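Student: one predicted model, sequence on top.
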Amino acid sequence: MQRVLNDLLEGPTDELLNYRRDRGDPRLRSLIAKRAVHLGADADEQEVVITGASSGAISQLAYALVDPGDKVIVEELSYPGAVATLRQAGADVVSVQMDADGLDVVRLEAALVELDRQGTPPKALYTIANNHSPTTTNLAADRRRTLADLADRFQFIIIQDDTYGEFWYDGEPLGSLRRFDTERTVHIGSFSKTLAPALRLGWLVAPASLTDVIQRSRTDLGTSGLLQAVVASLMADGSFDSHLEQIIAFYKEKRDLVLSTLDEHCSEFARWETPPGGFFVWVVMDGVDLTDFERYAADEGVCVLLGSHFDVRGGSIPAFRLGFTELSEEHLVESAIRLGRALRRSGRTSP
Ligand SMILES: Cc1ncc(COP(=O)(O)O)c(C=O)c1O
């Protein structure tokens, strides 16, 4: 970053340091369009809008698409920031159940039929179809097709938040829902996890019919043109790809370490699936008193994000989301040991 920043500042800076009110740096947009094709999010440069990371994309979409009172569908456990933004824009958020294969499309269809019957069809559906936060599930292949068919039948926009969609440790990347529909699907990507959250840069690919209204929904005079040029240089010279390859290998090691440590210390009162990608393990507790667990984890000095934090309806969920990318290996192991102690102390069947 330092290298490309220096190079850029040695060249002409008038445009680089000025406002960037349009859809974003054309070079960056064209590089993203190429990358989006590789994710299966077929796009040309005109369909790419640079955003203030994925949260900025969500808020632009919320203000572009939602009128007060409009229904918007979300997964029952979701990213609280997105749900809050949608509600701030006036959405009446409706949640639909999930299972091990992601959003339950049979229940979704039932909800859509009911909303249609009431004369309040949804404007949009927000989904984290890949490496879901917090549950780490991935929407099954057949459900992706069904979702696109439902969007077409009930005329809503699919907003795919793919913030964790570049991080795959096992198996084939699942890519974009735009594979199944480019007319109704908006794909959101972010440079927060791939490069640095401090950049506050991300992008969305939207149907051409929506890009104007999305661009107009922005009122803050744009994201940094200088940082957009930095990211474009990193993508153009291959640094972005090699960096991503390195951090994916690094995070895979951490995932494997945390899984084996959880096996050793936490399996008596908790279970989890191996996440094929993303940043988290979703630990589901069995036979544990939740209030006690929270207290004992705090006594151990471990801060846990309980499932209730992600429950759109504010319920109590006997699970927590364990993030494994940020902590050092030493701290990951120590945290799992401490969580194991907190679990045993709060286990209802423990002595
Ligand atoms: C699912 C999801 N979407 C969006 C965001 C927002 O990230 P950013 O705005 O930094 O891209 C986060 C934050 O971690 C997230 O977990």
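Tutor: That came through fine. The structure presented is a predicted model; accordingly, all values stated were derived computationally and were not measured.

Student: and the closest residue to residue 306 other than its chain neighbours, what helix or strand is that in?
Tutor: Among residues not flanking residue 306 along the chain, residue 320 sits closest, at 5.2 Å (C-beta to C-beta, 6 or more residues apart in numbering). Placement of C-beta: from N, CA and C, glycine included. In the assignment (DSSP states H and E), residue 320 maps to strand 319-323.

Student: could you do residue 152 as well?
Tutor: helix 141-154.

Student: what's the following helix or strand after that helix?
Tutor: Following helix 141-154 toward the C-terminus (DSSP H and E): strand 157-161.

Student: need the contact partners of that following strand.
Tutor: Residues from elsewhere that reach strand 157-161 (C-beta atoms under 8 Å, 6 or more residues apart in numbering): 54, 58, 61, 65, 79, 82, 123-130, 147-148, 151, 176-178, 181, 184-188, 210.

Student: dump the host helix or strand of residue 58 to PDB, restricted to CA.
Tutor: Take DSSP H and E as the rule and residue 58 turns out to sit in helix 53-65. Listed in PDB are the C-alpha atoms of helix 53-65, where the atom choice follows Å, rounded to 0.1, in the frame of the first residue of the first chain:
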ATOM      1  CA  ALA A  53     -17.500  -1.000   2.100                       C
ATOM      2  CA  SER A  54     -20.400  -3.400   2.400                       C
ATOM      3  CA  SER A  55     -22.200  -1.400   5.100                       C
ATOM      4  CA  GLY A  56     -22.200   1.600   2.800                       C
ATOM      5  CA  ALA A  57     -23.600  -0.600   0.000                       C
ATOM      6  CA  ILE A  58     -26.300  -1.900   2.300                       C
ATOM      7  CA  SER A  59     -27.300   1.600   3.300                       C
ATOM      8  CA  GLN A  60     -27.300   2.900  -0.300                       C
ATOM      9  CA  LEU A  61     -29.500  -0.100  -1.300                       C
ATOM     10  CA  ALA A  62     -31.800   0.400   1.700                       C
ATOM     11  CA  TYR A  63     -32.400   4.100   0.800                       C
ATOM     12  CA  ALA A  64     -32.700   3.400  -2.900                       C
ATOM     13  CA  LEU A  65     -35.100   0.500  -2.700                       C
END
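
Student: in PDB, list the C-alpha atoms belonging to the helix or strand just after that helix.
Tutor: Sequence-wise, the next helix or strand downstream of helix 53-65 (DSSP H and E) is strand 71-75. Only the C-alpha atoms of strand 71-75 are listed here, as PDB (Å, rounded to 0.1, in the frame of the first residue of the first chain):
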ATOM      1  CA  LYS A  71     -41.500  -5.500   3.700                       C
ATOM      2  CA  VAL A  72     -37.900  -6.800   3.400                       C
ATOM      3  CA  ILE A  73     -37.100 -10.400   4.100                       C
ATOM      4  CA  VAL A  74     -34.000 -11.500   5.900                       C
ATOM      5  CA  GLU A  75     -32.600 -14.800   7.400                       C
END
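
Student: what about the helix holding residue 58, average pLDDT?
Tutor: Mean pLDDT, helix 53-65: 97.

Student: can you spell out which helices and strands pack onto it?
Tutor: strand 48-51, helix 80-88, strand 124-127, strand 157-161, strand 185-190, strand 202-205, helix 208-216 (3 or more C-beta pairs under 8 Å, 6 or more residues apart in numbering; DSSP states H and E).

Student: most packed of these?
Tutor: Comparing the helices and strands packed on helix 53-65 by mean neighbour count (mean count of other C-beta atoms under 10 Å), strand 202-205 comes out on top with a mean of 30.

Student: hmm, who's touching it?
Tutor: Taking C-beta under 8 Å, 6+ apart as the rule, strand 202-205 contacts 24, 29, 32-33, 36, 41, 43, 47-54, 56-57, 60-61, 163, 176, 178, 186-192, 214.
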